[in-house]
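Chemist: Show me how the following folds:
(4 chains)
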Protein chains: 2
Amino acid sequence: MKNLQYNCGERRCVDETCLASIKENMLDEEVFLDIAETFQVLSEPTRVKIVHVLAEGGELCVHHIATILGMTSSAVSHQLRQLRNMRLVKTRKEAQHVYYSLNDGHIMQLFNQCLEHVQE
Amino acid sequence: MKNLQYNCGERRCVDETCLASIKENMLDEEVFLDIAETFQVLSEPTRVKIVHVLAEGGELCVHHIATILGMTSSAVSHQLRQLRNMRLVKTRKEAQHVYYSLNDGHIMQLFNQCLEHVQE
DNA sequence: TGCTTATATGAATATATATTCACATAAGCA
DNA sequence: TGCTTATGTGAATATATATTCATATAAGCA
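Modeler: Model prediction:
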């Protein structure tokens, strides 16, 4: 796999040959969609907060998350579905409760890195 | 600064004392907004593509970016404004052209990390 | 000076999506 | 069995935002 680590532009590139070469090096449309989708998960404050409280609480049911955030269970449940679909959280059912917890994955790495940056 | 690296939930937490403690450990609203805003920049395929072509081309004017992506200059310009506002790109004016290039920063680290994950 | 190109931007439109609301299901409990 | 609580979800609403369109400005050029 080609190394695609990106740095700041040191190169200068304006001729037609170069433009054609950039066009050829375009990744599949799907890759761009995947990247956008990944960032999209944490592009919403509510979902960011949910991830944070799960990191703090370890395992929490919908009602508790909603209480902590001061939101309705319904709103939280809708957002949890998205986090579930993106495998950012996992669930454990116990009686009438559904406990949510973080599902270790790539996105948590991004989250941690972003948190560090923001807190600098 | 408190260490806030998050792992999967090994802890179990359901009692009221614990809930109160989580509430106390909530970060400032602004932190959650900052994180969401950071991820928001790359949550859109067009902006992801622009970052990619700038990484390939080094320095490109609006028209060239638009040509490569098959979009109007206007649409690209609108998106570039957002990337500019978030300091993800920088500009250099030369005659009637405005050359855009990546502005090394935190978000590019996130971008590279995400690209790696997606390509696995 | 007039014409073309490059860029930027406000307004309008189209689309995506967060939250609310109403409601359904399932479990515990009196 | 009824009542309450926990969760999930479709539809409606409200809001955010991507793209288009019209237009403005600035630079190069005939």
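Chemist: Relative to chain B, how far out is A:Gln79?
Modeler: Applying C-beta to the nearest C-beta, to the nearest Å, the value for A:Gln79 to chain B is 12 Å. Placement of C-beta: from N, CA and C, glycine included.
Chemist: repeat for A:Ser73
Modeler: 15 Å.
Chemist: I'd guessed that residue sits against A:Gln79; true?
Modeler: No: between A:Ser73 and A:Gln79 there is no contact under C-beta atoms under 8 Å: 10.9 Å.
Chemist: Find me the pLDDT at A:Ala95, would you?
Modeler: pLDDT for A:Ala95: 86.
Chemist: Hmm, I typed the wrong one, I wanted A:Gln82.
Modeler: For A:Gln82, the predicted pLDDT is 97.
Chemist: cool, A:Asp15 as well?
Modeler: On the pLDDT scale, A:Asp15 is placed at 70.
Chemist: and the helix or strand of chain A with the lowest mean pLDDT, anywhere near chain B?
Modeler: Averaged element by element with mean pLDDT, DSSP states H and E, chain A has its least confident helix or strand at helix A:16-24 (a mean of 85). Yes: judged by C-beta under 8 Å from any C-beta of the partner chain, helix A:16-24 and chain B are in contact via A:18-19, A:21-23.
Chemist: Settle it for me: which of A:Ser73 and A:Gln79 has more neighbours?
Modeler: A:Gln79 (18 against 15; other C-beta atoms under 10 Å in any protein chain shown).
Chemist: give the contact list for the more buried one.
Modeler: Neighbouring residues of A:Gln79 by C-beta atoms under 8 Å, 6 or more residues apart in numbering or on different chains: A:44, A:46-47, A:50.
Chemist: Could you measure from it over to DNA strand D?
Modeler: Distance of A:Gln79 to DNA strand D, given as C-beta to the nearest atom of the strand, to the nearest Å: 9 Å.
Chemist: Please apply the same query to A:Gln40.
Modeler: Separation of A:Gln40 from DNA strand D (C-beta to the nearest atom of the strand): 10 Å.
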